[in-house]
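> kindly generate the corresponding structure for this input.
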Amino acid sequence: MKRKMVATFLVASLCLTSVIPVGNQVDAAKKPSLSKKSIRLEAGKKTALKVKNAAGARVTWKSSKKSVATVKKKGSKSAQILAKKKGTVKITCKVKKAKKTYSLVCKVNVVAVKKSQEATATPKTSETPAVPAVTVAPTATATVKPTATATVEPTLLPLKSDSILENYEDVFGKLGTCANYGSDPSNSQLQDGKTLAFIKKHFNSITMENEMKPEAILGERITAITKEEAQELGYIIPDNYKETQVPKLNFDRIDKILQVAYDNGLVLRGHTLLWHSQTPAWFFGIDFDQYEDAVDEDTMNARLDFYVSTVMDHVMQKEKEIAGESGKIVYAWDVVNEYLHRGRALWLNWTSVYGDMEGEPSYVKRAFERAYEMLEKYEATEKVTLFYNDYDTYFEVEDLLNLVTFINEGESAKICSGIGMQSHVDIKRPTLEEYGNALESFMAAGYEVQITELDFTINFNTDGSDPSYNYKNEGETIEEQAEYVKDFMEMVITKQKNRDRTVSPKGITGLTIWGLYDSISWRDECQPLLFGTSIEDPKPAFQAFLEASRVK
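Numbers count the residues shown, from 1 in each chain. As a prediction, the model looks like this:
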């Protein structure tokens with residue numbers, strides 16, 4: 001009987017071998033993977049990307065930002081990437097194989113086309129860069145326009161200098177820009193003497209563009225350590241953390257940034273602890289595997305507690321070492337970023353675990369609870385503000401206020417006391433009235449407000465014909481941009497000065513311009529900043545920005 005069973009098994013095996021090639025059997029046992037996990041590509045260039053171990057699978061490709069790079073399927077298992085403009089983009093390859101879907105991601109860094117004149121490197125210097133002279137206007141007396149209805153011009157203050165900081169510090173307190181530290185000193189804004197001098201002249205605050213986001217701290221792939229090793233490193237492992245593995249966190253870059261900021265009289269916005277984007281998918285998977293299903297809520301709650309508590313604890317402890325007290329360098333944290341625009345989960349993220357919790361996201365509230373506990377631990381509740389940060393806030397005032405109310409509901413303190421208004425505005429959108437009404441609403445509700453990512457686009461597609469909102473040549477000029485910038489800033493200053501201080505004692509406590517100059521902006525085609533090709537190329541918008549500060 002045993003011999004007969006063995007013979008039958010061998011015959012069946014031979015039959016299967018004759019039908020399915022050996023190579024396909026091997027492929028079926030392996031998980032699909034991409035030929036490259038990251039690509040650096042010059043704008044205008046093309047390259048191929050292939051998916052391996054995908055025999056018999058259905059493969060689709062998608063670009064997260066078509067304005068930066070597009071992806072086009074070439075054959076059944078490969079695609080062609082076309083770099084369009086400077087920026088970063090994620091190319092996602094969905095592989096449906098054996099009733100299981102894999103989501104593979106390749107990060108593409110598109111760099112600008114090298115110009116011949118860039119062959120000669122600009123020498124570094126610690127001196128303040130020369131900026132073309134700005135006309136400093138004397139104090140103007142009130143005059144009456146000779147019109148049918150006499151209109152009195154507002155009294156104007158004189159400009160203090162050609163420094164943004166000196167003209168605006170008394171209005172907002174914190175004037176900032178986004179910056180990078182980088183791994184290469186030759187491509188680092190905070191390691192370049194000339195650029196750092198420019199930042200110090202115009203700003204007293206910085207926000208790291210990417211280097212404090214979860215992806216930078218957790219890494220694209222997990223480096224697993226034991227709980228005992230984690231505790232030796234000073235990590236906070238909560239009692240509800242039942243897993244044996246702990247992700248090792250990379251604080252090297254953050255520590256250097258804190259030191260540079262302190263040495264140069266700058267302070268930091270911590271951006272950001274929780275975000276559905278730029279958080280590695282593996283952080284949400286079973287056994288920290290991005291190709292597995294998402295973990296259950298209890299497991300994710302423990303991971304959230306560990307991450308938020310440990311990151312803030314490390315930063316605040318490092319502040320004590322550097323500056324003598326916590327809250328001395330990082331004065332604000334964006335605890336949660338863009339929950340109102342969480343969208344669908346293209347790969348594992350927070351909604352993969354918790355589902356769409358709409359207006360009452362428990363994990364958002366939980367993140368603020370852990371963050372506030374850290375402020376209490378270091379006696380920094382009066383020195384550091386915890387923010388909810390989002391874009392298009394001027395169109396979603398009620399939803400945002402309801403969300404922040406939910407976060408604070410039932411708490412012994414206002415654990416979320418700040419609203420961050422990402423202000424990627426265009427000269428057509430929003431209207432000054434829409435923006436001003438939102439400012440008034442947030443301040444009237446008693447929240448501290450910060451304008452966190454300000455830029456002003458022109459020739460930007462705002463009519464919805466392109467869902468990615470790319471450049472659209474509408475003939476708008478930098479002179480029109482300057483006029484809008486002046487009107488916008490005068491409106492913001494007026495709202496700040498005329499607020500009810502009994503309800504909103506702090507008002508607008510910070511304004512951050514999102515970038516130093518157009519050619520390195522993520523929206524460079526739409527020329528959104530105050531400087532053009534470099535820090536030595538002020539645009540009319542820069543003069544207009546300064547002039548707006550003269551409103552008394």
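
> contacts, neighbours, all on C-alpha from now
Noted.

> any regions of the stretch 401-550 of the chain where pLDDT drops low?
464, 467-468 (pLDDT under 70).

> what ranges do the helices span in it?
432-444, 478-497, 540-548 (DSSP state H, counting those that start in this stretch).

> next, count neighbours for Ala179.
By other C-alpha atoms under 10 Å, 21 other residues sit near Ala179.

> just the one 5 residues further on next, same as before
By the other C-alpha under 10 Å criterion, the neighbourhood of Asp184 contains 8 residues.

> return the per-residue confidence for Thr17.
The confidence metric pLDDT takes the value 40 at Thr17.

> please apply the same query to Ala29.
Predicted confidence (pLDDT) for Ala29: 49.

> can you list the strands that whichever strand or helix holds Asp390 pairs with?
Assigned by DSSP states H and E, Asp390 falls within strand 385-391. Strand pairing for strand 385-391, using DSSP bridges, gives strand 330-337 (parallel), strand 418-422 (parallel).

> list of residues touching that strand?
Residues outside strand 385-391 that contact it (C-alpha atoms under 8 Å, 6 or more residues apart in numbering) are 331-340, 368, 371-372, 404, 415-424, 452.

> quick one: buried ones out of those residues?
331-340, 368, 371-372, 404, 415-424, 452 (16 or more other C-alpha atoms under 10 Å).

> in the stretch 201-350 of the chain, which spans are helices?
With helices called from DSSP H, counting those that start in this stretch, the stretch 201-350 of the chain shows them at 214-218, 227-232, 252-263, 297-323, 350-354.

> which one of the ones you listed lies nearest to Trp522?
Judged by C-alpha to C-alpha, the one of the helices of the stretch 201-350 of the chain that comes nearest to Trp522 is helix 214-218, at 18.2 Å.

> buried residues of that closest one, list them for me.
214-218.

> give the contact list for Val364.
Taking C-alpha under 8 Å, 6+ apart as the test, what Val364 contacts is 336, 407.

> let's verify it: helix, strand, or coil?
Val364 carries the three-state label helix when classified by DSSP: H, G, I helix; E, B strand; the rest coil.

> quick check: pLDDT value at it.
pLDDT at Val364 comes out at 98.

> now it: how far from Tyr435?
To Tyr435, Val364 is 26 Å away according to C-alpha to C-alpha, to the nearest Å.

> contacting residues for Asn167?
159-161, 546, 549.

> same thing with Tyr102?
32, 94-96, 291.

> lowest pLDDT pick from those residues?
Among the contacts of Tyr102, Lys96 has the lowest pLDDT, at 81.

> just to revisit the earlier point, I'd like the contacts of Asn167 laid out as TSV, including distance to Leu530 and neighbour count.
As requested, the contacts of Asn167 are exported to TSV (distance: C-alpha to C-alpha, whole Å; neighbours: other C-alpha atoms under 10 Å):
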residue	distance to Leu530	neighbour count
Leu159	17	22
Lys160	18	17
Ser161	16	15
Leu546	10	24
Ser549	15	22
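
> quick one on the thing from earlier: now distance to His271 too, for the strands paired with strand 385-391, in JSON lines please.
Shown next, in JSON lines, are the strands paired with strand 385-391 (distance: least, C-alpha to C-alpha, whole Å):
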{"stretch": "strand 330-337", "distance to His271": "5"}
{"stretch": "strand 418-422", "distance to His271": "11"}
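
> buried sites along stretch 237-247?
Under 16+ other C-alpha under 10 Å, the buried positions of stretch 237-247 are 237, 241, 245-247.

> if we can go back for a sec, now, of the helices of the stretch 401-550 of the chain, which is deepest in the fold?
helix 540-548 (a mean of 22; mean count of other C-alpha atoms under 10 Å).

> and that one, how far from the chain's centre?
Distance of helix 540-548 from its chain centroid, counting by C-alpha atoms, centre = their mean, to the nearest Å, is 26 Å.

> pull it out as PDB, backbone CA atoms only.
This file holds the C-alpha atoms of helix 540-548, laid out as PDB (Å, rounded to 0.1, in the frame of the first residue of the first chain):
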ATOM      1  CA  PRO A 540       9.100  92.300  -6.400                       C
ATOM      2  CA  ALA A 541       7.300  90.100  -3.900                       C
ATOM      3  CA  PHE A 542      10.100  90.500  -1.400                       C
ATOM      4  CA  GLN A 543       9.900  94.300  -1.500                       C
ATOM      5  CA  ALA A 544       6.100  94.000  -1.200                       C
ATOM      6  CA  PHE A 545       6.400  91.700   1.800                       C
ATOM      7  CA  LEU A 546       8.500  94.300   3.600                       C
ATOM      8  CA  GLU A 547       6.300  97.200   2.600                       C
ATOM      9  CA  ALA A 548       3.200  95.400   4.100                       C
END
